[in-house]
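In: Sharing a sequence plus its predicted fold:
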Amino acid sequence: MGTLASPTSLAGFVVGHAGLYQALAMFAVAYFIIGMTVLSVCAIATNGALDAGGAYYMISRALGPEFGGSIGIMFFLANVCGSALYVLGLVEAVVDSFGIPPGQEVGTGVHVLPQSYWYELLYGTVLLALCLLVCLVGASIYAKATFLIFLIVAGVLGTILVSFFATRPIGVPIPFNSSKTENGSFTGFSLATLRDNLGGGYGIDYTTGQMMSFSSVFAVMFNGCTGIMAGSNMSGDLKRPSYSIPRGTISAVLFTYLVYNLLAFLMCATCNRTLLQKDYGFLRDISIFPPLVTVGIYAATLSAAMSNLIGASRILYALARDDLFGRALALAKKTSASGNPVMAVILSWLVVQLVLFSGKLNTIAGVVTTFFLLVYATVNLACLALEWASAPNFRPTFRYFTWHTCLLGIAGCCVMMFLISPVSASASLGFLLLLLLALHYLSPSSTWGYISQALIFHQVRKYLLMLDVRKDHVKFWRPQMLLMVHNPRGSARLIDFVNDLKKSGLYVLGHVELQDLDMLPSDPLQPQQDSWLSLVDKLNVKAFVSLTLAPSVRHGVRQLLFTSGLGGMRPNTLVLGFYDDAEPQDGLARHPAFTSAREEVPLGFPPLRAPAAPKLLSAREYVGIVADALKMLRNVLLARQLESLDKAWELRRAASPPPTIHVWPVNLLRPDSARYADTCSLFLLQMACVLNMARAWRRARLRLFLCVEAGAMPHAQEEKLRQLLKDLRIQAQIQLVPWDAVTRLHWQTRQGPPGGPAPGGAAEEEEEEEEEGAVNFPANTTQVSDEYVCAANKLVLEQSPAPAVRFLYLPRPPANTSLYPLYLHQLELLTRGLGPTVLVHGVSAVTSTQL
C-alpha cells in the first residue's frame, strides 16, 4: 500500500475493496468526524492567542495539565507513527517503481533497487533523513517546500482528471508472481463497469496478504485524512494562527472531501475491480503523462511524512516547555538561534526511526488511526467543556459550532475507534488513563486555569438552586458544622475531630479578625486566605474557609452564622473550643500531616498567645456567643481538651478492648429533670452515633450511661431506653449509674438539713444569701452548687475504662446575663479533668424512626 499516501491512490484502494456506496459512506463518516472536530478547533483557536503545540496547547489550556499532557503524548505518538506510515508508504512506492521484480537477481532498465526487509529499512532511513534535514532548517523552508509540493500535487491531480476522459480503454497487465500475470482493464466511462463497482468486494491486500474488511479499509483511509491538524500543529510558527487556522483548515477539508468523492466516482465508472484491487499504482498506466503521477505520489507522501515529523517535534517541544514531565523532556527545550526546536526535531526523528522497524503499513495503520481519533475526541471534549461551562471569557470569533457538534464529534470518534480495532481502542484508553493518573499525582500545579473548576461551579450553582430548604426532612438531616478557630496552631486536632463529625455535611472553618476596615488601606483577610486553604489541604479535611472582620468576636460569629453557606447548605451547628485558662499548645507542629512529611507549618499564622497575655474574648462574651447561636436555632458543641486526643493512638492501640465513646444524655446540671429522650438528649446521642459511623471511629464502642435513683424502677427505664436505641438503629451498651449520693448534695443545698427551720422570713433571706453561688436556669427553679457539680464531675470520671471521648449534655445559658460567668464556671467544674469532652446542646429534631 505504498502509494496510498496520495489522495488519488487512496481513493482507488478504498473503492476497489469497498465499492462506491461503501466508499462514499466511509468518506462521509470520516469527514463528518473531521468536520465536527474542525469546528471545535476553529472555536478554540479563535478564543485567544495560540502558542506552539497545536491541539496539545488547546486541550491543555482548556482541560488542564492532566488531560493536556496525556493527550499531548498520545498526539505526539500519533504524529510519529503517522510519519513512519508515510515513509513506509513512500518506500513501497519507490520499490514498486524501481525495485527488482521478485524472482530476478539482476534488475533491468529502471528496476535496479534490491528488495528485502533490510534494504527497505535502508531506503526508509534515507528518506526520513531527508525529512529531518528540511525540518532542522526550520519552519520557513518547510512552508516553502510544502507549497511547492502542493503545486506539484495540484498539477498531477489535474492531469489525472484529464486522463479519465482522454485515455482510451486499455488492458493493464498486473504481475501476479514470477510466472503469471493478471489483466486489469481501464474501460473508459462504462455503465456496466460502474454497476459492477457499486457494491463491496473485499479481497486480499496484495502488499500484506491480509484479508480486507470495512474496518481495516477505513483505518487506512482515515490516515489519509489526518492532515487537518497540520496547520494547528504549526500554531507557534504562524503569524496569525487565530486567522490562518480556521480558514486554512476548513478550506483543506472541503477541498479534499470533494476530490475524494470525485475520484471515487470516476474510478468506479472507468476501472474494473481487478485493476483497483491488484494495482494501487494503476493511475500511472492510464495517465497521459505517467512520470508526473509518480512524481506527484512521491511528493504527496514526502510532504505528509514531513508534516507529521514537524508536527510531532512541535508537540514535544510544547510538552517540554510546560515542564509536565520534568527532566524527562528537558533536552527537548533547546532551540536554535532562530527559535527552531532542533532537539525536539531530532528526538522525534529518533522515535520515527524506531517505528520504521515495524516494516509494514498495516502494522501501524490501526494504531495511528486510534490515536488520532482519540485526540480528535478530546479536542471536541475541550470545546464542549468550554461551551458547557458558560464562562464569560469563552467568546470565540468563530461561531459556527454548538455543543451538539462537539457531542456528535465525540460520539463519532468513540464509535469508530471501537469499530476499527476494539483491542487498539481499549489499549489506547488504558494508556491514556495511566498517563492521566501519573500526571495527576506527579505533575506540578499550573496557572493555566482548570475547566473542571468552571464546570463544577456551573453544576453546583444549578444544584444549589434546586436544593429547597422547604423540602428538608428529618430523615435526611446531616450535621453542617461551623467551627470557630482563633489560631489553627492550637486547634489542629479539633479541626480533624469535627471533620469526623460532619457526616458528609457542610464544614466551615470560621475565623474572626478584630480590626476595623475603615482604618485599613485594604482588606487584611485576602493574604490570609491562601494560608487557610493550604491548611485545609495539608490536614486533608473537607472544609470551606470563611473569614470575617468585626469589632468583637461575638459580632464576628454572628456575621458568620448569618452569612456562611449558600441556599440549602448553611451551618446548623456551631462548634467552639472551651473557654478556660489552659495554656495553648502548638498541635499543628506535632500533627502527622507535618511531622511525617517533614513539611513546615504553613506561613501566615501568628504564634500562640503567651500564657500571661490577655484574652481577646471575655467569659461573658463567650457565653453570649452560645446564647446567640441557640436564639438563631443553631445547635451548639463546646469541645474541651480535644487537643489531647491522639486519635491515631486511641484507635490503633493493640489492647484487646476497643476504645469507647461515653455518652451522658442527662442534664447533669438539672438533676430534678433526669430525662434522656428530649430533643437535646437525642441530638447528643445522634452526634455520638455520627462519630462512631466515621471510618476512623468504627472500631470504637458507644457506652450510654443511665443515671438512676433508688426506688425509680431502673430496669424499666433501661428497657425503655434500650427500645429507643433499637428504634433509632443505634448500637450502644447501656450502663446504669446510681447517683443518689450526688443528687443528695443538690437537695441538701436547696432545702437545708433535715429538721432545720421552716422556709419563710429570715430563713428565706439566709437561704437566698447562701444561694448566691448557684445558677438560676430559665423556666426552672433548680439551682446547683459547686459542691454538687464537683460530685457530678467525679461520678463521670469514675466510670472506667477511660474513654477516647465523652459526650455530655450542655444546658442552655441562663436568661440573666449577669450569671454568664457563673454558668461558665460550673461548666468548667463539670468537665475538669475529664479529658477530651464535647458538651452538646441540640435545638432541632434530628432522629427518625420512619423508613
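Out: Right, received. Where do you want to start? The structure presented is a predicted model; accordingly, all values stated were derived computationally and were not measured.
In: Thr207 reaches Ala93, doesn't it?
Out: No. Applying Cβ atoms under 8 Å, one finds Thr207 not in contact with Ala93, separated by 10.9 Å. Using the backbone N, CA and C atoms, a C-beta is placed for each residue, glycine as well.
In: Just the mean pLDDT for stretch 241-250, thanks.
Out: Averaging pLDDT along stretch 241-250 yields 79.
In: Check stretch 91-106 too.
Out: 72.
In: And stretch 494-513, by the same measure?
Out: Stretch 494-513 shows a mean pLDDT of 90.
In: Kindly report the same for stretch 34-41.
Out: Mean predicted lDDT for stretch 34-41 stands at 87.
In: Show me the contact partners of it.
Out: 55, 58, 225, 228-229, 232, 245-246, 249-250, 253, 376, 379-380, 382-384, 398, 400-401, 405-406, 408-409, 412-413 (Cβ atoms under 8 Å, 6 or more residues apart in numbering).
In: Give me the buried subset of the residues you listed.
Out: 55, 58, 225, 228-229, 232, 245-246, 249-250, 253, 376, 379-380, 382-384, 398, 401, 405-406, 408-409, 412-413 (16 or more other Cβ atoms under 10 Å).
In: what stretches of the stretch 51-200 of the chain score poorly on pLDDT?
Out: The model of the stretch 51-200 of the chain has pLDDT under 70 over residues 51-54, 101-110, 139, 175-180.
In: And the strands in it?
Out: Using DSSP state E, counting those that start in this stretch, the strands of the stretch 51-200 of the chain run over 170-175, 181-186.
In: cool, and the chain?
Out: When assigned using DSSP state E, the strands of the chain occupy the ranges 170-175, 181-186, 481-484, 507-514, 544-550, 573-577, 635-640, 660-664, 701-708, 733-738, 805-809, 837-841.
In: any chance of those in TSV, plus mean neighbour count and distance to Arg609?
Out: Shown next, in TSV, are those (neighbours: other Cβ atoms under 10 Å; distance: least, Cβ to Cβ, whole Å):
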stretch	mean neighbour count	distance to Arg609
strand 170-175	15	95
strand 181-186	17	95
strand 481-484	24	15
strand 507-514	21	13
strand 544-550	18	19
strand 573-577	25	13
strand 635-640	24	17
strand 660-664	24	31
strand 701-708	21	35
strand 733-738	14	38
strand 805-809	25	25
strand 837-841	24	22
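In: can you tell which of the ones you listed is closest to Val153?
Out: strand 181-186 (22.0 Å; Cβ to Cβ).
In: report the angle between the axes of the closest one and strand 170-175?
Out: Inter-element angle recorded for strand 181-186 and strand 170-175: 150 degrees (by axes from the mean of the first three to the mean of the last three Cα atoms, to 10 degrees).
In: Now do strand 181-186: everything it contacts.
Out: Identification of contacts with strand 181-186 by Cβ under 8 Å, 6+ apart yields 167, 169-176, 270-272, 274-276, 278-279, 282, 285-286.
In: Filter the residues you listed down to the ones in helices?
Out: Those of these mapping onto helices are Thr270, Thr274, Leu275, Leu276, Lys278, Phe282, Asp285, Ile286, per DSSP state H.
In: What residues sit buried inside stretch 814-822?
Out: Pro814, Leu819, Tyr820, Leu822.
In: need the contact list for the closest residue to Leu728 other than its chain neighbours.
Out: Excluding its sequence neighbours, the residue lying closest to Leu728 (Cβ to Cβ, 6 or more residues apart in numbering) is Thr847, at 5.4 Å. By Cβ under 8 Å, 6+ apart, the contact list for Thr847 reads Val474, Leu682, Phe683, Leu685, Gln686, Leu728.
In: do Gly209 as well
Out: Listed by Cβ under 8 Å, 6+ apart, Gly209 has no contact partners.
In: change the start of the numbering to 6 and stick with it
Out: Happy to do that; since the first residue is 6 now, the last one works out to Gly214.
In: Am I right that Trp669 is in contact with Tyr814?
Out: Yes. Trp669 lies in contact with Tyr814 (Cβ under 8 Å); the separation is 6.3 Å.
In: Would you mind listing where the stretch 506-655 of the chain has pLDDT under the threshold?
Out: Judged by pLDDT under 70, the stretches of the stretch 506-655 of the chain that qualify are 598-609, 653-655.
In: how about the helices in it?
Out: 531-544, 558-568, 597-600, 624-636, 652-657 (DSSP state H, counting those that start in this stretch).
In: What of the stretch 756-856 of the chain?
Out: Counting by DSSP H, counting those that start in this stretch, the stretch 756-856 of the chain has helices at residues 766-775, 791-803, 825-836.
In: which of these sits most buried?
Out: Highest mean neighbour count of these: helix 825-836, a mean of 21 (counted as mean count of other Cβ atoms under 10 Å).
In: I'd like the strands of the chain written out as TSV, with distance to Glu588 added.
Out: Formatted as TSV, the strands of the chain follow (distance: least, Cβ to Cβ, whole Å):
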stretch	distance to Glu588
strand 175-180	97
strand 186-191	98
strand 486-489	20
strand 512-519	21
strand 549-555	26
strand 578-582	13
strand 640-645	14
strand 665-669	26
strand 706-713	31
strand 738-743	33
strand 810-814	21
strand 842-846	18
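In: Quick one: closest of those to Gly495.
Out: Ranking those by proximity to Gly495 (Cβ to Cβ) places strand 578-582 first, at 8.1 Å.
In: Let me see the contact set for the residue lying closest to Ser686 once chain neighbours are set aside.
Out: Of all residues not flanking Ser686 in the chain, Pro670 sits nearest, at 3.9 Å (Cβ to Cβ, 6+ apart). With contact set as Cβ under 8 Å, 6+ apart, Pro670 has these partners: Tyr681, Ser686, Leu687, Leu689, Leu690, Leu709, Phe710, Tyr814.
In: can you list the helices of the stretch 506-655 of the chain in CSV and add mean neighbour count?
Out: Supplementary listing: those in CSV, determined by neighbours: other Cβ atoms under 10 Å:
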stretch, mean neighbour count
helix 531-544, 16
helix 558-568, 18
helix 597-600, 14
helix 624-636, 19
helix 652-657, 14
